[in-house]
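A.B. asks: generate coordinates for the sequence data below:
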Amino acid sequence: MEQLAQAGLKKTEGEGKAKQAVGEVLQGVLAVKDFVSLVTQIMPQAALAWTGVCFAVQIFVNPIIESKANRDGIRHVITRMKWYCQLSSLLLKENSINDRPFAGIRVELEERIVNLY
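C.D. replies: Here you go, the predicted model:
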């Protein structure tokens with residue numbers, strides 16, 4: 001499962017780099033947004049055009065940000081997979097340490113594994 005997720009990340013890595021480059025350019029446009037907004041207050045015609053530009057830039061920036069967040073989330077899950085697999089194999093056995101059952105820990109582990117995926 002981990003190998004499949006890693007392969008998927010590698011497959012979309014090029015696309016992610018391209019989106020990141022475009023995102024950096026668009027973030028630059030958004031950085032000058034306040035300055036241009038001040039200038040366009042003098043000319044209402046320019047303000048209308050600038051509003052359209054800002055709207056279009058935001059439409060392009062949102063998917064780029066969401067894609068990055070998605071890839072970061074996948075990386076987070078991948079880094080936790082081995083730990084959860086090892087822990088679950090230990091805790092889901094019907095054993096106890098020092099004559100204390102793992103019932104409470106099993107319930108907590110089940111909740112965390114479900115939340116992970």
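A.B. asks: how about the helices in this structure?
C.D. replies: Along the chain, the segments classed as helices by DSSP state H run 2-11, 13-31, 33-40, 44-91, 103-116.
A.B. asks: turn those helices into a markdown table, columns for mean neighbour count and mean pLDDT.
C.D. replies: For glycine as for every other residue, the C-beta is placed from the backbone atoms N, C-alpha and C. A markdown table is the format used below for the helices of the chain (neighbours: other CB atoms under 10 Å; pLDDT from 0 to 100):
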| stretch | mean neighbour count | mean pLDDT |
| --- | --- | --- |
| helix 2-11 | 11 | 72 |
| helix 13-31 | 13 | 73 |
| helix 33-40 | 12 | 78 |
| helix 44-91 | 13 | 79 |
| helix 103-116 | 12 | 75 |
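A.B. asks: center of the protein - which residue?
C.D. replies: Ala69 (1.8 Å; CA atoms, centre = their mean).
A.B. asks: so what touches stretch 4-17?
C.D. replies: 67-68, 71, 74-75, 77-78, 81 (CB atoms under 8 Å, 6 or more residues apart in numbering).
A.B. asks: same check, this time on stretch 63-71
C.D. replies: The set of residues external to stretch 63-71 that reach it, using CB under 8 Å, 6+ apart, is 9, 12, 16, 19-20, 22-23, 26.
A.B. asks: could these be laid out in TSV, adding distance to Gln45?
C.D. replies: Shown next, in TSV, are the contacts of stretch 63-71 (distance: CB to CB, whole Å):
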residue	distance to Gln45
Leu9	47
Thr12	42
Gly16	39
Lys19	33
Gln20	35
Val22	29
Gly23	30
Leu26	24
